[in-house]
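1. Structure for the following, please:
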Amino acid sequence: MQSFVSAIIAFAAAHSLLAYGLAFLLAAAEAFPVVGGVVPGTAVIIGLGALVPGGALAMWPLVGATAAGAVMGDGLSYLFGRRYKQRAVGLWPLWVRPGLLASGEAFFVCHGGKAVLIARFMPADRAVFHFLQSLRLPVVDQVMVAITELGDASVIVPVTVAVLAWLAWQRAWRATLYGVASVVGASAFALLLKVTLHHSRPGALYDGWNAYSFPSSHAAVSTALFGFLVVLLCREVGARARVAVTLAAVSLVSAIAFSRLYLGAHWLSDVVAGLAFGTAWAALLGIVYLQHAGCSVRAGGVAGISLAALLAAGSLHIVMAHADDMRRYAVRQPVESMALTAWQDGGWAALPVRRVDLSGDYEEPFTIQWAGPLANLKSALLARAGAVGSTLVAAMAFAQCRANHSAGLAASR
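-> The predicted structure follows:
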């Protein structure tokens, strides 16, 4: 697949006019049912975007072609559903997994129109979440919790106040105003979407509005703040210093964003949305600021005060909150328990019917639930031997295997 994508990007680099049409078709195909699951549209479009800085492609025509393709793909998907309605269940390949449409309808009924926005970002969420949770190690958890604490408000606010105080001392009032806008704007954006969408986190970690997940406030605010600091510093330093400053900011923000994924605090879509808005917001503020920039902010002072505030506030916050945060972000293995009477009264129907693998897909069904001695199960099956028929032997073998497994677990305890 990687070589295939690379070949497409190389072709696009050599045929720039066709590249815009390719972006249009890929965006449209990725938005269409079933087709979007096999077309590597996102990977190719990202590769096409990498051709913009070198001049092989122009940014705005590429953005326009991609947006138009996405709109057309979504429109065709809507027309497809409106035309075929429930008959779509009988069409290939949907008839192979008839439960998919029912799940989609239930999701839309639950979330309403905001389900359209959520669904545009969710396909890889479960896979990434389960994969990263399978890699959790205690030592790495310690590091990741410390990194994510650098994006907490207890650190971001002191860093922001310190930078604003320096800018005010330098009488750089315009830079001070834009600095406030970077943090306040990103925070307001994240809060507004959380309140609007009510998208739940992978686990119950917070209360109030912070219980909602989309987008990641850590990603959005840290990207906006440190992105604008990069704009302030790069305006007054040389080429090598610009590279160093940019790499430092990107590394810090990327580490904070990844820690949110690793610790299971956010879905992938939450973090991507936060990073995207934070980057766009910082870029917009930076472009407008540079067009009207006033006096020097003394880049050395800004860098020094920012780093000092980050180290001081970060160290203090880690020392004070690390133990509690380790408990907050600890790996949680959900365990469902049910009283026998509740199970016999129909509660068994609410239990999972399929196991979930590490990629988040629903795999083999759990075909038997039994509460009681093996002898009773054996008698019940033998009594219905005529109805069970040829499956009796397999059912008995399964029951014997489960009984042996349970006995082994009991003995190990």
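
2. For the stretch 1-150 of the chain, which residues score under the pLDDT cut-off?
-> 1-9, 11-16, 31-47, 49-51, 53-54, 78-127 (pLDDT under 70).

3. ok, now with 50
-> 1 (pLDDT under 50).

4. Buried residues, the longest helix belonging to the chain. List them.
-> The single longest helix within the chain, with elements called by DSSP state H, is helix 299-328. Within helix 299-328, the residues that qualify as buried by neighbour count (16 or more other Cβ atoms under 10 Å) are 299, 302-303, 305-306, 309-310, 313-314, 317-318, 321, 325. Just so you know, the C-beta spots here come from the backbone N, C-alpha and C atoms, and that holds for glycine as well.

5. Kindly indicate which of those lies nearest residue 29.
-> If you rank these by distance to residue 29 using Cβ to Cβ, residue 325 comes first, at 42.8 Å.

6. OK, contacts around the closest residue to that closest one other than its chain neighbours?
-> Closest residue in space to residue 325, ignoring its immediate chain neighbours: residue 145 at 5.0 Å, by Cβ to Cβ, 6 or more residues apart in numbering. Residue 145 sits next to 259, 263, 322, 325-326, 329 when contact means Cβ atoms under 8 Å, 6 or more residues apart in numbering.

7. Can I get these in a markdown table including distance to residue 138 and pLDDT?
-> Supplementary listing: those in a markdown table, determined by distance: Cβ to Cβ, whole Å; pLDDT from 0 to 100:
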| residue | distance to residue 138 | pLDDT |
| --- | --- | --- |
| 259 | 15 | 93 |
| 263 | 13 | 90 |
| 322 | 13 | 91 |
| 325 | 14 | 88 |
| 326 | 9 | 90 |
| 329 | 12 | 87 |
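
8. Just name the closest of the residues you listed to residue 247, please.
-> residue 259 (18.4 Å).

9. Was I right to think that closest one contacts residue 147?
-> Yes: between residue 259 and residue 147 a contact is recorded at 4.3 Å, counting by Cβ atoms under 8 Å.

10. More neighbours: which of these two?
-> A side-by-side neighbour count of residue 259 and residue 147, using other Cβ atoms under 10 Å, places residue 259 first with 24 against 20.

11. between the contacts of residue 145, which is nearest residue 132?
-> Among the contacts of residue 145, residue 263 lies closest to residue 132 (Cβ to Cβ), at 8.6 Å.

12. That closest one: neighbour count?
-> Close neighbours of residue 263, defined as other Cβ under 10 Å, add up to 24.

13. ok now do it, which residues does it touch?
-> 141, 144-145, 148, 329.

14. what about 10 Å?
-> Applying Cβ atoms under 10 Å, 6 or more residues apart in numbering, we find residue 263 in contact with 132-133, 136, 141, 144-145, 147-148, 202-203, 205, 325, 328-331.

15. cool, residue 137 as well?
-> Applying Cβ under 10 Å, 6+ apart, we find residue 137 in contact with 143-144, 331.

16. So it versus residue 248, what's the distance?
-> For residue 137, the distance to residue 248 (Cβ to Cβ, to the nearest Å) stands at 26 Å.

17. now residue 260: how far from residue 270?
-> Distance from residue 260 to residue 270, counting by Cβ to Cβ: 8 Å.

18. Which of those two has more residues huddled nearby?
-> More crowded of residue 260 and residue 270, by other Cβ under 10 Å: residue 270, with 30 against 25.

19. Surely that one is in contact with residue 217?
-> Yes: in this structure, residue 270 is within contact of residue 217 by Cβ atoms under 10 Å, at 9.2 Å.

20. list the residues that contact both of these two?
-> Common neighbours of residue 270 and residue 217 (criterion: Cβ under 10 Å, 6+ apart): 190, 193-194, 260.

21. What is the nearest of those residues to residue 295?
-> The closest of the shared contacts of residue 270 and residue 217 to residue 295 turns out to be residue 190 (Cβ to Cβ; 31.8 Å).

22. which secondary structure element contains that closest one?
-> Residue 190 belongs to helix 173-197 when assigned by DSSP states H and E.

23. and the angle for the next helix or strand after that helix with helix 173-197?
-> For helix 173-197, the following helix or strand on the C-terminal side (DSSP H and E) is helix 217-234. Orientation check (axes from the mean of the first three to the mean of the last three Cα atoms, to 10 degrees): helix 217-234 against helix 173-197 gives 160 degrees.

24. Okay then, goodbye and thanks.
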